[in-house]
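**Student:** This is a predicted model, with the sequence first.
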Amino acid sequence: MRHLSPRAAISGIGELKPQRRTDGVATMDLLMRVSAEAMADAEIGPEEVDGLLVAPQVGETPQHVPATVAEYFGMQPEMSNLVDLGGASGPGMIWRAAAAIAAGQCETVLCVIGNHRNPTPPRSPNRNPAREFDTPFGASGANTSYALLMQAHMAAHGCTAEDYAQIAAGSRANAQLNPMAIFFGQPAGVEEILASPMVASPLHLLEIVMPVAGADAVIVTTMERAARAPHKPVYLLGAGEKITHRAVSQAPDLTSGPLRPAMARALSQAGIAAADIDFLSFYDCYTIMVATTIEDAGLCAPGGFAAWLRDNGGMGPGARQPINTHGGQLGFGQPDLAGGMTHVVEAVRQIRGGTEGRQIEGCDTALVTGNGATMSEAVALVLGGTP
Amino acid sequence: MTDLAALQVPGPIHEPLNAPFWEGVEAGVLRIQRCGACGASVFYPRPICPRCWSDALRWVEARGTGRLKSYSEIFKPGHPGWSPATPYLVGLVELTEGPVLMSHILAAGNAVAIGDALTFAPTDIGGRILPCFAKAGSETGREV
Ligand SMILES: [Zn+2]
């Protein structure tokens, strides 16, 4: 039984095709284009948007981000904020939008996130403990952190390199069904993934997302307005969030993360068990992230992800519980912080129905996850087609 | 083995709060903070105890022993200055006192396993002495 009745729904989505580089294009341009697409999808004009949620615009706009984006868009929102949760920022925007609507502060919220890609990105301006106590040892960057998490998971449960590689292979297979994906036309099997260069043991190159430029936007609005929109409303049935640390050295647990309590809360609010969800839209910066999320969702015991995936029939639209049908970020590409929002957008498509070439039959519910920093910032959403 | 001292890599950013830690490393001593109110061992340095929020933190000398909680052999470093040293090992070191720190591990990638006993081995990296660790009983380290 549902603990909460939905107070808001998604009425519009937009997504730009990932690109490896966007010379001379500002992030703001991409944000504006993808927002126009989401508003067109919802059949609303900018005058109907009275809430605006944005993410940090890496390097381009360090402060006053909401006002800068609102001004650029010609909007004067009545609720605006910056959601800074790394890869969990997109899903984090959705429940904050719903909460602002439920609080009566606004009616229609534009959640937008994206980035351009310069071939030589500036080095991190970080001046925090991670910079002081990780970087000097040659341990900078997300690859190192997730390699440490994966090594610990492997050692704790005796999982093999093949076990994790099947997640990258499954994501690439799904990308073959999505012409927008950066790896469309480029499948890769377990053997090829394990033959790719070792980046930071035990992580191979093809177990890591490809950075791309891109953007995603989602319109969250009242139940009444969503009912008037052209597409079937997709309701927010539950949400959960948890932040446990920043630097991987400070993680309370290396083999289970904050998504465990975040998913438990989201599922409890929605009154549904993880095993009964139709579509799993799991944040996948690395193969290890999907493995840990399957286990943290309670779909199997710790260490059991690989056997569970095989029983599940893989990750494709025909699997028992399909995972990341857009290709995941491993197959679609990671448009920086927008990567987390691609999992929301694909869940909306699947619940609306009619997703060309990859529609899951009878898809009414999705569990969406976002993850930031070093498996430290977590947001989980349950979306559904039935209020 | 690569000459770590010759690497052109970013060093620590010194803050006044952390000075006792870095001065200790230079002198071959590993220091952490301990809370006089709740007894917590604290690393990285804080102005106030993050467990009980008292301001009774004081610097103590750690034993300089720990165990390897996880590790990775780095082939493609996050910073290009580390490229001459590849492959090299980084690891999470759980100190005997409890706190965990990231460190550079002075061993070959195939010579370590999670759970290995480690000892503090201050080492010159890029012209600065850093708190590295080596396998307990090995001859590596103490190259100051
Ligand atoms: Zn204390």
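**Tutor:** Yep, that arrived.
**Student:** so what's residue B:2 closest to, chain neighbours aside?
**Tutor:** Using C-beta to C-beta, 6 or more residues apart in numbering or on different chains and skipping residues adjacent in sequence, the residue nearest residue B:2 is residue B:85, 4.4 Å away. In short, each C-beta sits where N, CA and C put it, glycine included.
**Student:** again, but for residue A:285
**Tutor:** residue A:209 (5.5 Å).
**Student:** I'd say the one you found and residue A:284 touch.
**Tutor:** Yes - counting by C-beta atoms under 8 Å, residue A:209 touches residue A:284, with 7.4 Å between them.
**Student:** shared neighbours, the two?
**Tutor:** Listed as contacting both residue A:209 and residue A:284 by C-beta atoms under 8 Å, 6 or more residues apart in numbering or on different chains are A:329-330.
**Student:** Let me see the mean pLDDT of the host helix or strand of residue A:345.
**Tutor:** Assigned by DSSP states H and E, residue A:345 belongs to helix A:339-352. The average pLDDT within helix A:339-352 is 98.
**Student:** what's the answer for stretch B:117-131, then?
**Tutor:** Mean predicted lDDT for stretch B:117-131 stands at 97.
**Student:** close to chain A, is it?
**Tutor:** Yes - shown here: stretch B:117-131 in contact with chain A (C-beta under 8 Å from any C-beta of the partner chain) through B:125-126, B:128, B:130.
**Student:** Next, format the residues you listed as a markdown table and append distance to the ion.
**Tutor:** Listed next are those as a markdown table, based on distance: C-beta to the ion, whole Å:
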| residue | distance to the ion |
| --- | --- |
| B:125 | 32 |
| B:126 | 35 |
| B:128 | 31 |
| B:130 | 27 |
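**Student:** Write a ChimeraX command that selects only the buried members of those residues.
**Tutor:** Selection of buried members from the residues of stretch B:117-131 next to chain A for ChimeraX, criterion 16 or more other C-beta atoms under 10 Å in any protein chain shown:
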select /B:125,126,128,130
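**Student:** Among the residues of stretch B:117-131 next to chain A, find me the one that's closest to residue B:92.
**Tutor:** Lowest distance from residue B:92 to the residues of stretch B:117-131 next to chain A (C-beta to C-beta) belongs to residue B:130, with 15.5 Å.
**Student:** Would you mind naming what in chain B lies close to chain A?
**Tutor:** Counting by C-beta under 8 Å from any C-beta, the residues of chain B near chain A are B:9-13, B:15, B:18, B:44, B:69-79, B:82, B:85, B:88, B:90-92, B:100-104, B:109, B:113-114, B:125-126, B:128, B:130, B:132.
**Student:** Weed out the non-buried ones from the residues you listed.
**Tutor:** Going by neighbour count (16+ other C-beta under 10 Å), the residues of chain B next to chain A have B:9-10, B:12, B:18, B:44, B:69-79, B:82, B:85, B:88, B:90-92, B:100-104, B:109, B:114, B:125-126, B:128, B:130, B:132 buried.
**Student:** Give me the number of neighbouring residues for the residue nearest to residue A:307 when sequence neighbours are not counted.
**Tutor:** Spatially, and ignoring its direct neighbours in sequence, residue A:307 is nearest to residue A:300 (7.1 Å; C-beta to C-beta, 6+ apart). Residue A:300 is flanked by 17 other residues according to other C-beta atoms under 10 Å in any protein chain shown.
**Student:** how close does residue A:300 sit to residue A:241?
**Tutor:** 24 Å (C-beta to C-beta, to the nearest Å).
**Student:** Next: residue A:156.
**Tutor:** Residue A:156 is 26 Å from residue A:241, by C-beta to C-beta.
**Student:** Repeat that for residue A:176.
**Tutor:** Residue A:176 is 33 Å from residue A:241, by C-beta to C-beta.
**Student:** cool, and residue B:37?
**Tutor:** For residue B:37 relative to residue A:241 (C-beta to C-beta), the value is 31 Å.
**Student:** Without its sequence neighbours, what residue ends up closest to residue A:279?
**Tutor:** Residue A:279 sits nearest to residue A:366 (C-beta to C-beta, 6+ apart), 4.2 Å away.
**Student:** Check which helix or strand that neighbour maps to.
**Tutor:** strand A:365-372.
**Student:** on contacts alone, who are the packing partners of the following helix or strand past that strand?
**Tutor:** Next helix or strand after strand A:365-372 toward the C-terminus (DSSP H and E): strand A:377-384. If contacts are counted by 3 or more C-beta pairs under 8 Å, 6 or more residues apart in numbering or on different chains; DSSP states H and E, strand A:377-384 sits against helix A:89-102, strand A:234-243, helix A:259-270, helix A:339-352, strand A:365-372.
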